[in-house]
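Asker: below is the sequence, then the predicted model.
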Amino acid sequence: RKEVEQDPGPFNVPEGATVAFNCTYSNSASQSFFWYRQDCRKEPKLLMSVYSSGNEDGRFTAQLNRASQYISLLIRDSKLSDSATYLCVVSSNTGKLIFGQGTTLQVKP
Amino acid sequence: NAGVMQNPRHLVRRRGQEARLRCSPMKGHSHVYWYRQLPEEGLKFMVYLQKENIIDESGMPKERFSAEFPKEGPSILRIQQVVRGDSAAYFCASSPGPSGRGTDTQYFGPGTRLTVL
């Protein structure tokens, strides 16, 4: 079983749509949780950290459920520029990041 | 403040040669992490270094791969006697402190794309 599992997609949505990505992780001792974005296999860029209380940054909302070991990302009012691969990431207490395979989003006009 | 720098951006080697990948962390960052992304796969952790120390090398292949982060100069990932399966993107990340407790974000460099012929 993979340590971090994501549906690879692709998700093809029209501009303006709301889209949700889910992710599960296997290690209950995981310390921190993130969503990164990767464009065309360039370097990953931090989109947002994820907290149990949930957090929102503009059109993006992230949620963590520690009991279910489940992380989500909601994107509202999708833009063409949101097209990318979204990486669900957890960190261990040693600092290393463990990446999911990524979910590909394609926003179409 | 310049970001994480990696060079070369692209590296071509023939089987059996050595590959040296360099990473200069962001200014003020003393923690460096190396990750590898094989074609059509996700990023995988390789090694975590602090100045002059290897903290966690649990993701490093046992043979041919080594990493260092000297007191002066960039971190180096060295691959000896490269094989075709080493072809991948190698990303370096840095943080100002240990990121295990979620206190410090890792920032990624642009990566080195290694192609082994």
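Answerer: Nice, thanks for sending it over. Numbering: from 1, shown residues only, chains lettered A, B, ... in the order given.
Asker: near chain A, which residues of chain B?
Answerer: B:31, B:33, B:35, B:37, B:41-45, B:48, B:55-56, B:58-59, B:89, B:91, B:93, B:95, B:98-102, B:105-111 (CB under 8 Å from any CB of the partner chain). Quick note: C-beta positions are derived from backbone N, CA and C, even for glycine.
Asker: now, of the residues you listed, which are buried?
Answerer: B:31, B:33, B:35, B:37, B:42-45, B:48, B:55-56, B:59, B:89, B:91, B:93, B:95, B:98-100, B:106-111 (16 or more other CB atoms under 10 Å in any protein chain shown).
Asker: isn't residue B:18 up against residue B:86?
Answerer: No. Using CB atoms under 8 Å, residue B:18 is not in contact with residue B:86, being 10.9 Å away.
Asker: more crowded one of these two?
Answerer: For residue B:18 and residue B:86, the more surrounded residue by other CB atoms under 10 Å in any protein chain shown is residue B:86, and the numbers stand at 20 against 11.
Asker: report the beta-bridge partners for residue 89.
Answerer: Because you didn't say which chain, this covers chain A. residue A:34, residue A:99 (DSSP bridges).
Asker: wrong chain, I was asking about chain B
Answerer: Residues in beta-bridge contact with residue B:89 (DSSP bridges): residue B:37, residue B:113.
Asker: pull the residues that contact stretch B:68-87.
Answerer: For stretch B:68-87, the surrounding residues in contact (CB atoms under 8 Å, 6 or more residues apart in numbering or on different chains) are B:5, B:13-25, B:32, B:34, B:38-39, B:46-47, B:49-54, B:64-67, B:90, B:92, B:114-117.
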